[in-house]
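1. starting from these lines, generate the structure:
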Amino acid sequence: MIDFVQNIPINETCFYAVSCHEDEQDLCGLEMRSLFNCDPQQGCVISDKNIDPSRSPFIRGKLAIQLIADDAAGIAAQVGEAVALEGRTFKVSFVGSDVPVDFDRQRAIEKEIGWQIVGQAEMRQPDRLFGVAIVDGRYLFGEFEKSEALWLKHNEKPQPYSTALSTRVARAVVNIAAPVITAELRVIDPCCGIGTVLIEALSMGIDIVGYDLNPLALRGARVNLAHFGMPDVVRKADMTQLQLQEPSASGAQPYDAAIIDLPYNLCSVLPSEERLAMLQSARRLAARVVIVTTETIDEDIAAARLAITDRCVVRKGKFERQVIVCRHA
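-> Numbering: from 1, shown residues only. Just a heads-up that it's a prediction; the model follows:
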């Protein structure tokens, strides 16, 4: 992360507005570290990495920084020459962070800057949306792209399951497992259940496949995938018996990342030897392994010759899950 607002190379840097519920702060931090190599500060991340804000359930929008000044007047003095609308309409919106700014002051800042832009303002459906944010007492201005909460649509699955990950958590876990999306990237979910992780990954354009031993779960996954117009990427298989195929572009394993939501049941506990076999298989399948578990399994992870590189706890009331990022030891 670039030091806050000091020596920022404008036109090469983005401000990301970040927010989350207190139960998800740990998960938000892990996702930001995966995407940007830093934790959010003051309700935002400033980075030279250009990422689609709709990828994350915690990013509210992205401001491509064009101007920096000590106050709104400083931005207003520069904005007339910096913005060329070429006949298109515009709107200026205040982008909140952790800096408290009352509503009237926000509107005053928007007007002070907007009056200096040559063109027609449009409050409802502007052709171009600009944002202004305050960080460390300095004002940032640039084109603003709002995040679309695509994962909310995925809540309406025809085949839900009570212990499945929420769409928000599933989307964050996908970003943690695959922070950089390329055409060559290959991801596997070998315990895919009803397809919650698969749906989030596919919606981001990630090449992912899913396996599960439970035919009822697979049936539900296929129904859910079809409901959202997504391809059938699931097959019946025991992950410990999956056959290795050709290596991936990044190494000896056939997949770049594996996401394993370890089976969880209110009435039973997964035997340690079975869990160890699953973790050993995950190591065989992928170079990067992200594990979701309701139990402390550090000893099994070490026994599978995996090393923990980062982790977090996700809480929902009194219920807790751990998200653990691993690489080969």
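2. what is the helix or strand hosting Asp300 packed up against?
-> Secondary structure from DSSP states H and E places Asp300 in helix 298-303. Packing partners of helix 298-303 (3 or more Cβ pairs under 8 Å, 6 or more residues apart in numbering; DSSP states H and E): helix 272-285. C-betas here are computed from N, CA, C, even on glycine.
3. can I get the helix it packs on in CSV, CA atoms only?
-> C-alpha atoms of helix 272-285 as CSV (Å, rounded to 0.1, in the frame of the first residue of the first chain):
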residue,chain,number,x,y,z
SER,A,272,-9.3,-36.5,12.2
GLU,A,273,-7.9,-39.1,9.9
GLU,A,274,-10.6,-38.3,7.2
ARG,A,275,-9.8,-34.6,7.6
LEU,A,276,-6.1,-35.2,7.2
ALA,A,277,-6.7,-37.2,4.1
MET,A,278,-8.7,-34.3,2.6
LEU,A,279,-5.9,-31.8,3.5
GLN,A,280,-3.3,-34.1,1.9
SER,A,281,-5.3,-34.3,-1.2
ALA,A,282,-5.7,-30.5,-1.3
ARG,A,283,-2.0,-30.2,-1.2
ARG,A,284,-1.7,-32.6,-4.1
LEU,A,285,-4.3,-30.6,-6.1
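4. what residues of it count as buried?
-> Arg275, Leu276, Ala277, Met278, Leu279, Gln280, Ser281, Ala282, Arg283, Arg284, Leu285 (16 or more other Cβ atoms under 10 Å).
5. can you name the element that comes right after that helix?
-> strand 286-293.
6. name the surrounding residues that touch that following strand.
-> 165, 173, 176-177, 187-188, 248, 250-262, 264, 279, 282-283, 297, 301, 306, 321-328 (Cβ atoms under 8 Å, 6 or more residues apart in numbering).
7. roughly how far apart are the spatially most central residue of the chain and Glu295?
-> Computing the C-alpha centroid of the chain and ranking residues by Cα atoms, centre = their mean puts Ser56 first, at 3.1 Å. From Ser56 across to Glu295, the span is 27 Å (Cβ to Cβ, to the nearest Å).
8. just Met32 next, same as before
-> For Met32, the distance to Glu295 - Cβ to Cβ - is 26 Å.
9. so for those two, which residue has more residues nearby?
-> Set side by side, Met32 and Glu295 show more neighbours around Met32, with 26 against 15, by other Cβ atoms under 10 Å.
10. for the more buried one, give me its contacts.
-> Residues counted as contacts of Met32 (Cβ under 8 Å, 6+ apart) are Val18, Cys38, Asp39, Pro40, Val45, Phe58.
11. what's the farthest-apart pair in the residues you listed?
-> Cys38 and Phe58 (13.6 Å; Cβ to Cβ).
12. and those two? Which one has more around it.
-> With neighbours defined as other Cβ under 10 Å, Cys38 and Phe58 compare such that Phe58 has more, 27 against 15.
13. so that one sits right up against Ala172, yeah?
-> Yes. Taking Cβ atoms under 8 Å as the definition, Phe58 is a contact partner of Ala172 at 7.2 Å.
14. name the residues contacting each of these two.
-> With Cβ under 8 Å, 6+ apart as the test, Phe58 and Ala172 both reach Glu24, Cys28, Glu31.
15. please, a PyMOL command that selects the buried ones among these?
-> Buried residues among these (16+ other Cβ under 10 Å), as a PyMOL selection:
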select buried, resi 24+28+31
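16. closest to Trp115 out of the shared contacts of Phe58 and Ala172?
-> Scanning those for proximity to Trp115, where the rule is Cβ to Cβ, the winner is Cys28, at 36.2 Å.
17. cool, thanks, signing off.
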